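A.B. asks: mind looking at a prediction? Sequence and model below.
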Amino acid sequence: MTMQNIHALDISYCETFSRKIDKPWGILFYNENQPNYYDANHARIMNACEDPQKVVEETTIFYQSKNIVPRFYIYDLVNQQNLLSELKLRNFKYEEMISPVQLWNNRDINIPPNPMVTIEIVTDENYKEALEIEGSIKEFGGIEVMEKVFEEQFNHPAFTHYLLRYDGMACSTACIFEDGNQARMESVATLEAFRGKGLIGQIIDYIQQEIKKKGIEMLWVLPINEAIEKVYQKYGFETVEKYISGHAFLSGKSIKEIQG
C-alpha cells in the first residue's frame, strides 16, 4: 500500500506543473514552458514494459517533436531488463538511484521556540524573497529552473509555501502539497549563511502543526539522499520504503550531477 500511496501522490504532484497523457504502458508528462525541468518532462513506466521498442520510439518522437530531451523514469527495475537493453541500443544515458520514502509518525517533536524566528505564509508581498532562497539551492536546479516552477506552484491551490525569518532576515523556505488526506513536504531550504542554527527543525515543526490543524493523515517526504534522510529522522519522519528507480535520458545532465 505504501508505494501505491506515494506513486498516486507523486503523479498528482507532477500534474500541478505538467500536462499528463495516459498510455497503455505508462504516462507522458510534458511542459513546453519548462523544458529543462525533469519532473515536468518524462515518460513514467511503473510496470514491466511489454513492447520496449515501440515505447521508446513513441516516446522519443513525442518529446523531440516538442524540442524536449526524451527521458524516462523507470520503476520495477527487476522486470525492466528488455526496456533497459532497448534504451542502451538507442544511446540513452542511464543512472539508478536509491530513493528513501519517509512518513511522519504524527508525534510532536517539541522544538523549543526561538524568539529570533518568525514563520509566515508566502504571499505576493514576500514572493521574491522566497524565490531567491529556493533559486539559490543548486540541488533544486538553480534560479533558471525554479523561477517558473515556483510561479506555477505558488498559483496552484494545492500548494502552501512558508518563509522563515531569522532576526527579520528571510533565510528558509518549505512548502506542502496537499492531495486528499495526504500531503508532501517539498522545497525545504536554508541559505548557507544561516545553516547550523536549527532553522530546519523550526519550519518542519511549524508545518507539522499546520498539517494537524488541517486534519491531514499522512505527511510524506522524499529525501534525495541518505544524509538528508537522517536529518528528517530527527524530526519524526520514519523510513517506510527504499526503492531503486532508473533515469534514462538522451542528453544533458544526470539527476546525480544536478544534485551534486
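C.D. replies: Ah, there it is.

A.B. asks: which strands and helices lie in contact with the longest helix along the chain?
C.D. replies: Residue-count comparison of every helix in the chain, with assignments taken from DSSP state H, identifies helix 199-214 as the longest. With contacts taken as 3 or more C-beta pairs under 8 Å, 6 or more residues apart in numbering; DSSP states H and E, helix 199-214 sits against strand 117-121, strand 159-166, strand 169-179, strand 182-190, strand 218-221. In short, each C-beta sits where N, CA and C put it, glycine included.

A.B. asks: could the ones you listed be laid out in CSV, adding mean pLDDT and mean neighbour count?
C.D. replies: Formatted as CSV, the entries for the helices and strands packed on helix 199-214 read as follows, by pLDDT from 0 to 100; neighbours: other C-beta atoms under 10 Å:
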stretch, mean pLDDT, mean neighbour count
strand 117-121, 97, 15
strand 159-166, 97, 21
strand 169-179, 96, 21
strand 182-190, 92, 21
strand 218-221, 94, 21
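
A.B. asks: reformat those as TSV; add distance to Pro52.
C.D. replies: Converted to TSV, the helices and strands packed on helix 199-214 look like this (distance: least, C-beta to C-beta, whole Å):
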stretch	distance to Pro52
strand 117-121	46
strand 159-166	36
strand 169-179	31
strand 182-190	31
strand 218-221	31
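
A.B. asks: the longest helix of the chain vs strand 159-166, what angle?
C.D. replies: Counting by axes from the mean of the first three to the mean of the last three C-alpha atoms, to 10 degrees, helix 199-214 lies at 140 degrees to strand 159-166.

A.B. asks: pull the residues that contact helix 199-214.
C.D. replies: 104, 106, 108-111, 114, 117, 119, 160, 162, 164, 166, 171-174, 176, 178, 183, 185, 188, 190, 219, 231-232, 234-236 (C-beta atoms under 8 Å, 6 or more residues apart in numbering).

A.B. asks: still on that earlier bit, of the helices and strands packed on helix 199-214, which is nearest Ile98?
C.D. replies: Shortest separation from Ile98 across the helices and strands packed on helix 199-214 is recorded for strand 218-221, at 15.1 Å, computed as C-beta to C-beta.

A.B. asks: restricting to C-alpha, output the closest one in PDB.
C.D. replies: Below are the C-alpha coordinates for strand 218-221, written out as PDB (Å, rounded to 0.1, in the frame of the first residue of the first chain):
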ATOM      1  CA  MET A 218      -0.200  11.300   6.100                       C
ATOM      2  CA  LEU A 219       2.800  13.700   5.700                       C
ATOM      3  CA  TRP A 220       5.500  12.400   3.300                       C
ATOM      4  CA  VAL A 221       9.000  13.500   2.400                       C
END
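
A.B. asks: same for that strand, what does it pack against?
C.D. replies: The criterion is 3+ C-beta pairs under 8 Å, 6+ apart, and the helices and strands that strand 218-221 contacts are helix 2-15, strand 93-104, strand 182-190, helix 199-214.

A.B. asks: for the last one, list the C-alpha coordinates in CSV.
C.D. replies: Extracted in CSV, the C-alpha atoms of helix 199-214 (Å, rounded to 0.1, in the frame of the first residue of the first chain):
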residue,chain,number,x,y,z
LEU,A,199,16.1,26.6,11.5
ILE,A,200,15.1,23.4,9.5
GLY,A,201,13.6,22.0,12.7
GLN,A,202,11.7,25.2,13.4
ILE,A,203,10.0,25.2,10.0
ILE,A,204,9.3,21.5,10.0
ASP,A,205,7.7,21.7,13.4
TYR,A,206,5.6,24.6,12.2
ILE,A,207,4.4,22.7,9.1
GLN,A,208,3.6,19.6,11.2
GLN,A,209,1.3,21.6,13.4
GLU,A,210,-0.3,23.1,10.4
ILE,A,211,-0.9,19.6,9.0
LYS,A,212,-2.6,18.5,12.2
LYS,A,213,-4.9,21.5,12.1
LYS,A,214,-5.9,20.6,8.5
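
A.B. asks: nearest residue to Ile255 other than its sequence neighbours?
C.D. replies: Counting by C-beta to C-beta, 6 or more residues apart in numbering, His247 is the residue found nearest to Ile255 once chain neighbours are left out, at 5.5 Å.

A.B. asks: quick one, phi/psi of the one you found?
C.D. replies: Dihedral pair for His247: phi -130, psi 110, per degrees, to the nearest 10.
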